[in-house]
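Colleague: below: sequence and its predicted model.
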Amino acid sequence: MLPEAMSYIASVSMVTALLQVYANFGSIGSARTLFDQLHQKDVVAWSVMIAAYTQSGQPGDAFDTLRQMHLANQKPNETIYVGLLRSCSFMAEQEIGESIHTNVTKAGYLSNTFLTSALIDMYCKFGRVRQGKAIFDENHLKYFICCHVGVQ
């Protein structure tokens, strides 16, 4: 449980920075407690919480947090989608990954190289190399994407 003194923190950016610290040290429970106490969550706070779950191997919690984000009428940004695509790969959730791909396309985020490389990586991990190659072929920053996916 967080100290009583933490309840006075009013700045979303300060709380989000603290969320990131908790996440970096693997204290996901403390991060979630602080996140739940935050009355006005911005997209960065949501992103930090979803990424914390993804990076700690808790993809189910990442998707639960996304659902909560939608209920709060918040829209995911590119960073959130990258984390969710990695969760899809981890959980072998091809259908959800395809749905995310559709949302990313509709939002106009395919110019984001990290997001594009996450899509390529996801499709290749599902054994759908043609789909991954099609995304690669459509992108203008092929060299960067190739290096990024290769490093992963």
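Modeller: Arrived safely.

Colleague: mind checking which helix or strand F114 is in?
Modeller: Secondary structure from DSSP states H and E places F114 in helix 113-125.

Colleague: buried set for the next helix-or-strand element following that helix?
Modeller: Elements were assigned by DSSP H and E; along the chain past helix 113-125, the next helix or strand is helix 129-138. Neighbour counts using 16 or more other Cβ atoms under 10 Å place Q131, G132, I135, F136 of helix 129-138 among the buried residues. Bear in mind the C-beta positions are built from the backbone N, C-alpha and C, glycine included.

Colleague: list the helices and strands helix 129-138 packs on?
Modeller: helix 113-125, helix 142-151 (3 or more Cβ pairs under 8 Å, 6 or more residues apart in numbering; DSSP states H and E).

Colleague: and those helices, which one is worst for confidence?
Modeller: Note on those: helix 142-151 shows the lowest mean pLDDT, a mean of 52.

Colleague: what about the protein, any weak spots by pLDDT?
Modeller: 1-10, 140-152 (pLDDT under 70).

Colleague: could you find the closest non-adjacent residue to G60?
Modeller: Spatial nearest neighbour of G60, chain neighbours left out: M91 (7.3 Å); criterion: Cβ to Cβ, 6 or more residues apart in numbering.

Colleague: and this structure, what are its domains?
Modeller: 1-75, 99-152 (automatic domain parsing).

Colleague: take those domains and write them to JSON lines, including distance to L84.
Modeller: Shown next, in JSON lines, are the domains of the chain (distance: least, Cβ to Cβ, whole Å):
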{"stretch": "domain 1-75", "distance to L84": "6"}
{"stretch": "domain 99-152", "distance to L84": "6"}
